[in-house]
Structure formats: C-alpha cells, structure tokens
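Asks: this one's structure only:
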C-alpha cells in the first residue's frame, strides 16, 4: 500500500517537473539573449554584430526554427577562364576540315616536359562522360577529371608575337615553369 501511494504521487509530480524544466530552459534562453545584447552594446568593437532581444533569442532557440533548414545558394563558376581571343582562335580551328563534327575542345594535362606536367588540347567529337563541361564565348570546353585539380583557376589566352602564335595558360596554382614554357609543376 505504501509503495502504491508513492508511485501515484510521483506520477503526479512528473508533469510538474517537466513543465518546470521547460520554463527554466526558455527563461535561460531569454537570459542568454539578454547577456549577449548587453555585452555587444558595451563593447564598441562589436557594434557591427546583431543584438538579440529576449524575444529574438527565444525564436533562435525554439524548435520551430530548427525544423526548417535553409538551402544555400552556391554560385557555380567555370573551372577555367577562356579569353575572347582564345575563343575566336578555337572557333577558327573548329571550323577547319580536321575538326568537322567536333563539339568543342578537350583540355587535359600529361606528365612530360622538363618540369613535370604539360597541357594537352584535343578535339572533342563526342561529349566525354565524366569530363566537366563549360561554355565560354560560344565555344565548349571539356576538362578531363584528372586535370581539373591542376588547371582550376587558369586563364587560357591566345597570344601572337613576332616569333610565335600560341595558346598560353596563366595558372595561379603553378609553382614553377620550365624555361621554354612547355611544362609546369603544381
């Protein structure tokens, strides 16, 4: 009989304890928001940061705000930059007899040369399955997956001088190049 009375008494206290702990948690969140606001207001360097009112901190810590995650919009950038001069030259090459039926060009790297890696340019007659496709100034460039790490951020240009006409690659990842300009290291 004594045990039954205790279990009934404790079962009546459970909802009260639960309500007390919920009240303590919400008032703690409110106090935390107030403390943050006071510290931000007292420190002039932190004037740029948000100030939390007690109501805002309750919304911040409420379960309703935590249920709906926000999607992040990520701007997609091309792995390399192709200048207009390079694009015009590629259009000219693709309009030639050897390139009839080509969709664009395929950029890759090979291990060769004085310094380790060298750029390769080939016609792309079909869309390679795993290549990264990009379009710049009306031409399609396919980048080999194995080359992506080495060429990301590179600017591809067409330069004509008195001695040569060639595609040049200005690669910010390159740690060194050989004297002839044929190869590079990353």
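Replies: Looks like it arrived, so ask away. Model, not experiment: these values are computed from the prediction.
Asks: And the average pLDDT for stretch 84-100 is what?
Replies: In this model, stretch 84-100 has an average pLDDT of 91.
Asks: and if you look at stretch 144-162?
Replies: Mean predicted lDDT for stretch 144-162 stands at 88.
Asks: Determine the next helix or strand in the C-terminal direction from the one helix or strand residue 149 maps to.
Replies: Element membership for residue 149, per DSSP states H and E: helix 145-151. As assigned by DSSP H and E, the chain's next helix or strand after helix 145-151 is strand 155-160.
Asks: Please enumerate residues in contact with that following strand?
Replies: Contacts to strand 155-160, defined as C-beta atoms under 8 Å, 6 or more residues apart in numbering, come from residues 80-83, 85-86, 88-89, 107, 165-170. Any C-beta I mention is one placed from the backbone N, CA and C, and that applies to glycine too.
Asks: Could you tell me which of the residues you listed belong to helices?
Replies: Among those, DSSP state H puts 85, 86, 88, 89 in helices.
Asks: Which one (most neighbours) among those residues?
Replies: With neighbours taken as other C-beta atoms under 10 Å, the top of those is residue 86, carrying 23 neighbours.
Asks: Tell me how far it lies from residue 79.
Replies: Distance, residue 86 to residue 79, by C-beta to C-beta, to the nearest Å: 15 Å.
Asks: just the helices in this protein please.
Replies: Per DSSP H, the chain carries helices over the ranges 2-42, 54-61, 63-67, 84-94, 145-151.
Asks: Kindly report which one of the ones you listed carries the lowest mean pLDDT.
Replies: Mean pLDDT values for the helices of the chain show the minimum at helix 63-67, a mean of 55.
Asks: Around residue 119, how many other residues sit close by?
Replies: 21.
Asks: Enumerate every residue touching it.
Replies: By C-beta under 8 Å, 6+ apart, residue 119 lies in contact with 107, 108, 109, 151, 167, 169.
Asks: Residue 169 too?
Replies: Taking C-beta under 8 Å, 6+ apart, we find residue 169 in contact with 119, 151, 154, 155, 156, 157, 184.
Asks: if we go to 6 Å?
Replies: Shown in contact with residue 169 (C-beta atoms under 6 Å, 6 or more residues apart in numbering): 119, 154, 156.
Asks: Among those, pick out the one closest to residue 136, please.
Replies: For the contacts of residue 169, the minimum distance to residue 136 (C-beta to C-beta) is 8.8 Å, reached by residue 156.
Asks: how much space between the closest one and residue 87?
Replies: Residue 156 sits 9 Å away from residue 87, going by C-beta to C-beta.
Asks: quick one, which of those two is more surrounded?
Replies: Each of residue 156 and residue 87 has its neighbours counted (other C-beta under 10 Å); residue 156 has more, 24 against 19.
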